[in-house]
Each structure stands twice: as structure tokens, then as C-alpha cells.
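A.B. asks: coords please:
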Amino acid sequence: MLFLLASCAKDENGGSGDPGQPLVFSSLEAEKYTIAPGGSTKVSAVASGYKLTYKWSATAGDILGTGREVVYAASPCHIGTNIIACTVIDGNNASQSKEISIAVQ
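C.D. replies: Have a look, this model is predicted:
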């Protein structure tokens with residue numbers, strides 16, 4: 001008797017176990033688009049594909065956490081528009097990037 005098990009389950013980063021699934025970076029959204037100096041907001045990336053990893057950056061302030069959902073913490077000394085960028089890379093080394101603006105005032 002032969003038993004085969006297959007799974008189409010998604011991993012914790014929104015990716016699947018199918019190397020043929022294309023990378024689709026659907027959206028990048030913040031919980032709040034205007035925050036006070038020293039304030040923070042949750043930022044979420046929605047993507048699908050094979051074995052996804054997420055790389056985050058900010059023009060000022062800090063990115064706290066990893067994966068598809070992080071917290072952006074604004075610098076207490078920097079007022080203005082800060083760009084939050086996310087690049088999603090799949091297990092086939094394809095990548096897509098998006099960015100959003102957070103106003104610190």
C-alpha cells in the first residue's frame with residue numbers, strides 16, 4: 001500500500017509549498033498614515049507565492065519585527081514624510097517591491 005500526502009497550506013509568511021506559484025505582491029498598507037514624532041503604526045504586506053521572505057526599510061525611524069507584518073516606529077526628532085518600503089522575495093528568487101508614505105507631524 002502506498003500513501004501520498006500533499007499539502008497546499010500556506011506558511012506563516014503567506015507563501016505556499018508550490019514552486020510553480022507566481023509571486024503576487026497585492027498590497028502594502030499602514031494602520032495609520034499620520035503619526036506623532038516618536039509614535040508608531042502597524043504596517044502589513046499582502047503577498048502570495050512560494051516560500052516568501054520580506055525585507056523592510058524606512059527613510060527615518062525603525063522597523064520593528066519581521067515577516068509580513070511589522071511596526072514602524074518614527075524617530076522622535078524627525079518630522080516630515082517617511083517612506084516605508086517592502087520587498088517580497090520568493091523561493092525562486094523573484095521579487096516585487098512596494099512603498100508607502102507615513103507623515104510624522
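A.B. asks: make it CA atoms for all contacts and neighbour counts henceforth
C.D. replies: Noted.
A.B. asks: Any stretches of this structure with poor pLDDT?
C.D. replies: For the chain, residues meeting the criterion pLDDT under 70 lie at 1-15.
A.B. asks: send the alpha carbons of stretch 16-33 over as CSV?
C.D. replies: Extracted C-alpha coordinates of stretch 16-33, given in CSV (Å, rounded to 0.1, in the frame of the first residue of the first chain):
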residue,chain,number,x,y,z
SER,A,16,2.8,28.2,-0.4
GLY,A,17,4.8,25.0,-0.9
ASP,A,18,4.3,25.1,-4.7
PRO,A,19,7.4,26.3,-6.5
GLY,A,20,5.2,26.9,-9.6
GLN,A,21,3.1,29.5,-7.8
PRO,A,22,3.9,33.0,-9.1
LEU,A,23,4.8,35.8,-6.8
VAL,A,24,2.0,38.3,-6.4
PHE,A,25,2.5,41.3,-4.1
SER,A,26,-1.0,42.6,-3.7
SER,A,27,-0.8,45.5,-1.2
LEU,A,28,1.2,47.4,1.4
GLU,A,29,-0.9,49.2,4.0
ALA,A,30,-0.4,51.0,7.3
GLU,A,31,-2.8,51.1,10.2
LYS,A,32,-2.2,54.9,10.4
TYR,A,33,-0.8,57.1,7.7
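A.B. asks: Can you give the distance from it to the centre of its chain?
C.D. replies: 8 Å (CA atoms, centre = their mean, to the nearest Å).
A.B. asks: So which bits of that stretch are buried?
C.D. replies: By neighbour count on 16 or more other CA atoms under 10 Å, the buried set for stretch 16-33 is 16-17, 21, 23-25, 28-30, 33.
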